[in-house]
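Asker: Only the shape, not the letters, is given here:
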């Protein structure tokens, strides 16, 4: 079996500073996600966090990562530009998959890949979210019903300043009157990127079976193709064909 | 000024048979739409209905129509295949624009252009609909706010069995928990097609300034390009270039 | 290992009537493709042809097909509408993958799914075709270089009257001055469709390792998701959420 | 008549330093383009160049520009980041159109909006280019035939490291065996962007009637919609709807 090597990255700040968050995610959001993924026989899972040297994302680590899962919120600006460059190159030039979760819509790496501000509307009222599948054929929807619900969620709403997604998989409904493109695929260079919005730190969303399934499906979908790097630049004199 | 010739087509049955609908649209839905469009200095507006000979859509009429607006509900199957063929050719081979309203999602012409069943979920509860703009750059959103509301609307909800829209302009929120891709652009052959869902016959939706603005914007967007018809088939022996 | 059940369908007329074609494909194009696919450990491969009862595409056969590969040229109109309906439903309502090869661009099933005429330009001059990858991240390009060449090919050229592809994987260059969108993905209902143009009956193209690799990759890509059929129609009275 | 205010920007270096270029474009590429556009009754045209203060792109100038046309090649890095920020905001937050020509694929503003490297293959052999229309319905193709030719062109070829275009209008064929997505539309925030590749400084391409027509069409297509800026951030407490 071809194993997919996954690294789950988390800034890991809320969980250490806020008792309410610590209660929900005692080992951190990364471990809540990783513990589920470790149960999958086709994945090799490791974790990395902001305060490790080079944020745990050394050249070696990235080279042995097929798909990187990214959660950040409070410390986007603390992520070193050099590490962002490294992740960026690994996605665009070498095809590493990238799964961007929730508040990481404002992470440096996501904004750079999108070329837009990635801003949105939000409200923290613990309201009900319904996540509708609008791409019924999509592998990221594998095993899901026509929608699933998150009982208490942070609202993320339109306008969401992203390029038109290359594939739109989910649209969320919120009790307060908003909608949101909550599952979006993008292709950039050799790499595939999936943004998935459900997942606030004060709700136990990463234990939800549907949310977990989406993350797993997205990892399978985002794994790199096996092709050489693209060749750019000047080419030989005009051949006669 | 270059005038755009618009024909508003309506099956015109509900309004003659149902007193409640007749009260709202005494001259028919087509006239409610046409009366607004006649106020636009760059449009030449006419109407046509099912019970006219050839449903009012003769070769001549279609040849002098740049954009066709289509409303139907109860009598989709009564539209003659020959007329559907004619409209189809005029869209695909000659670039006539087509604006498909509300329950016309099940019209023969729309289903044929889409290649899918075009079915959806629905509920008639007069509930609130919020139509969010998700393509802020789109000419069909010109002059609109970030959303507009229809106070009493028929719910149309996902799944909506259409191909992925070539451009997704609006997503609707419904009080009952549904979302809907309510403004969708498609390109087929030389023609542009816009599907717009708000608009039930028992609600005065076609008097709503936002709904009317959307229809007007869509007409401007869908007007034909000026190009010869595409040339298919066998081409000359291999030239030396 | 999860096996993917593939059926390769061929009208199988040229090979029996034209000695030149018979020399290249003595057992038929379907067998040339199937023999390669049978070497893949994750595929279960069978074949079917036009002159079998129900063209070999009974309800049972289709129900046990995950991905259908389709080659046709001379006999599109001989394919029974009832069988086309069956294939159509299996794709749109149940997610069977469909790989449409070369001259099958004019098959009933492809035209119905597209909603357009699917016509194109063509020239039979055995000229050189270069198939460029323009979606470097795409699983259908897995294992390919930046382009591959088909030394002697039938030219298929633009305009190609299809809806804008949901993903464009390949663009072909032809010596005679034409280009062609030669690898196109479409999503329709629950199903995924891939159109791939290289492959004339008088050239040994289906023995080409790159062409074969593309067909194999497309099968993996098009396999059905595991989800229940979509539910359309009237929904319960407005719930309080 | 609603006038569209156009600014044509050029780095204007080759034309002053290289006699061969000066012979073709004695007043600069910007003036060759502007002279044509000034003949259009619905455009108000001005020009700006790199060596003017703030590169001629002051806040005032940009505020009174509806569509900006950009040509650059040798001096991309000399464009001040502050000016790039300003152009960027005007496109993404306020909807100014942007037409990016030829070697400006490597301009700071284009790369920032795309989020990718925007690299490509190239060859300077004065070879023949055929620009095929693949979006026959597109307003940027208005008035064009099925293709047009540029007799002597610099080759730009795939792979072209851009996100999948939101609309692909042109594909170019080159004598030497390459293809290129030569006319690409992108939506970013409130703004529309068109990249168009024909146009080297040593060929008189900007006098070509087809090339000029494309630029004019693109300006009409890219003009801003009239809508307020998007509102992001925290929204009011959960309303009861």
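Answerer: Arrived safely, thanks for sending. Computed from a prediction, not measured in an experiment: that's the story for all the values here.

Asker: Could you say which helix or strand holds residue A:90?
Answerer: Per DSSP states H and E: residue A:90 is located in helix A:81-92.

Asker: give me every residue that touches the closest residue to residue A:133 other than its chain neighbours.
Answerer: Counting by CB to CB, 6 or more residues apart in numbering or on different chains, residue A:133 lies nearest to residue A:141, which is 4.7 Å off, once chain neighbours are set aside. For every residue, glycine as well, the C-beta is placed using N, CA and C. Shown in contact with residue A:141 (CB atoms under 8 Å, 6 or more residues apart in numbering or on different chains): A:133, A:135, A:169-170, A:217, C:225, C:227.

Asker: quick one: which of those residues has the most company?
Answerer: Counting neighbours by other CB atoms under 10 Å in any protein chain shown, residue A:169 leads the contacts of residue A:141 with 29 neighbours.

Asker: which of the residues in the lengthiest helix in chain A are buried?
Answerer: For chain A, the helix with the greatest residue count under DSSP state H is helix A:209-222. Buried residues in helix A:209-222, counting neighbours by 16 or more other CB atoms under 10 Å in any protein chain shown, are found at A:210-222.

Asker: Which neighbouring elements make contact with the strand ranked longest in chain A?
Answerer: Ranked by residue count under DSSP state E, the longest strand found in chain A is strand A:121-133. Under the contact definition 3 or more CB pairs under 8 Å, 6 or more residues apart in numbering or on different chains; DSSP states H and E, strand A:121-133 sits against strand A:147-157, strand A:167-174, strand A:179-188, strand D:233-234.

Asker: Including distance to chain B and mean pLDDT, could those strands go into JSON lines?
Answerer: Shown next, in JSON lines, are those (distance: least, CB to the nearest CB, whole Å; pLDDT from 0 to 100):
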{"stretch": "strand A:147-157", "distance to chain B": "8", "mean pLDDT": "96"}
{"stretch": "strand A:167-174", "distance to chain B": "5", "mean pLDDT": "98"}
{"stretch": "strand A:179-188", "distance to chain B": "5", "mean pLDDT": "98"}
{"stretch": "strand D:233-234", "distance to chain B": "13", "mean pLDDT": "96"}
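
Asker: Kindly present these as a markdown table, with separate columns for distance to residue B:186.
Answerer: Listed next are those as a markdown table, based on distance: least, CB to CB, whole Å:
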| stretch | distance to residue B:186 |
| --- | --- |
| strand A:147-157 | 25 |
| strand A:167-174 | 15 |
| strand A:179-188 | 19 |
| strand D:233-234 | 34 |
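
Asker: Distance to chain C added to those strands, as JSON lines?
Answerer: What follows is those, written out as JSON lines (distance: least, CB to the nearest CB, whole Å):
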{"stretch": "strand A:147-157", "distance to chain C": "9"}
{"stretch": "strand A:167-174", "distance to chain C": "8"}
{"stretch": "strand A:179-188", "distance to chain C": "5"}
{"stretch": "strand D:233-234", "distance to chain C": "23"}
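
Asker: and of those strands, who's closest to residue C:87?
Answerer: Checking those against residue C:87 by CB to CB gives strand A:167-174 as the closest, at 24.5 Å.

Asker: Can you classify residue A:229 by secondary structure?
Answerer: coil (DSSP: H, G, I helix; E, B strand; the rest coil).

Asker: rewinding a little: are the helix holding residue A:90 and chain D in contact anywhere?
Answerer: Yes - Helix A:81-92 reaches chain D (CB under 8 Å from any CB of the partner chain) through residue A:92.

Asker: mind listing what's buried in that helix?
Answerer: By neighbour count with 16+ other CB under 10 Å, helix A:81-92 contains the buried residues A:83-84, A:86-88, A:90-92.

Asker: State the next helix or strand along the chain beyond it.
Answerer: Helix A:81-92 is succeeded, C-terminally, by strand A:97-101 (DSSP H and E).

Asker: ok, that following strand: who's next to it in the sheet?
Answerer: Strand A:97-101 has these partner strands in its sheet, going by DSSP bridges: strand A:67-71 (parallel), strand A:191-196 (parallel).

Asker: helix or strand right after it?
Answerer: Strand A:97-101 is succeeded, C-terminally, by helix A:108-114 (DSSP H and E).

Asker: gap between that following helix and the chain center?
Answerer: 12 Å (CA atoms, centre = their mean, to the nearest Å).

Asker: what's the answer for stretch A:199-215, then?
Answerer: With CA atoms, centre = their mean, you get 12 Å for stretch A:199-215.

Asker: List the contacts of stretch A:88-95.
Answerer: A:62-63, A:65, A:68, A:96-98, A:109, A:112-113, A:188-193, A:224-225, A:227, A:229-230, C:136-137, D:116-117, D:161.

Asker: Contacts made by stretch A:163-171 with the rest, please.
Answerer: A:114-116, A:131-135, A:138, A:140-141, A:179-187, A:195-196, A:214, B:135, B:158, B:164, B:167-168, B:171, B:179, B:181, C:166-167, D:163-164, D:166, D:186-188.

Asker: what about it, start to end distance?
Answerer: 16 Å (CA to CA, to the nearest Å).

Asker: Which positions in that stretch come out as buried?
Answerer: Counting neighbours by 16+ other CB under 10 Å, stretch A:163-171 gives A:163-171 as buried.

Asker: and the nearest residue to residue A:238 once chain neighbours are set aside, how many residues sit next to it?
Answerer: Closest residue to residue A:238 apart from its sequence neighbours, by CB to CB, 6+ apart: residue D:125 at 4.2 Å. Counted with other CB under 10 Å, the neighbours of residue D:125 add up to 18.

Asker: ok, residue D:125 touching residue A:236?
Answerer: No - using CB atoms under 8 Å, residue D:125 is not in contact with residue A:236, being 9.8 Å away.

Asker: what residues are up against residue A:177?
Answerer: So residue A:177 contacts B:130, B:173, D:239, D:241 (CB under 8 Å, 6+ apart).

Asker: Among those, name the buried ones.
Answerer: So, by 16+ other CB under 10 Å, the buried ones in the contacts of residue A:177 are B:130, B:173.

Asker: Quick check: the two most widely separated of the contacts of residue A:177?
Answerer: B:173 and D:239 (12.3 Å).

Asker: Distance check, the spatially closest residue to residue A:185 that is not a sequence neighbour against residue A:236.
Answerer: The shortest distance from residue A:185 to any non-neighbouring residue, by CB to CB, 6+ apart, is to residue A:167 (3.9 Å). Taking CB to CB, to the nearest Å as the measure, residue A:167 falls 37 Å from residue A:236.

Asker: rewinding a little: relative to strand B:167-174, how tilted is the longest strand of chain A?
Answerer: Strand A:121-133 and strand B:167-174 are oriented at 100 degrees to each other (axes from the mean of the first three to the mean of the last three CA atoms, to 10 degrees).

Asker: Go through strand A:121-133 and flag the buried ones.
Answerer: A:121-123, A:125, A:127-133.

Asker: try stretch A:31-49
Answerer: Buried residues in stretch A:31-49, counted by 16+ other CB under 10 Å: A:31-37, A:43, A:45-49.

Asker: Report whether it contacts chain C.
Answerer: No - against chain C, stretch A:31-49 shows no contacts by CB under 8 Å from any CB, the least distance being 10.9 Å.

Asker: Can you measure across that stretch, start residue to end residue?
Answerer: First-to-last residue span, stretch A:31-49, CA to CA: 11 Å.

Asker: what does that stretch rub up against?
Answerer: With CB under 8 Å, 6+ apart as the test, stretch A:31-49 has contacts from A:1-12, A:25, A:27-28, A:30, A:55-57, A:61, A:69, A:71, A:206-207, A:212, A:215-216, A:219-220.

Asker: Many thanks, have a good one.
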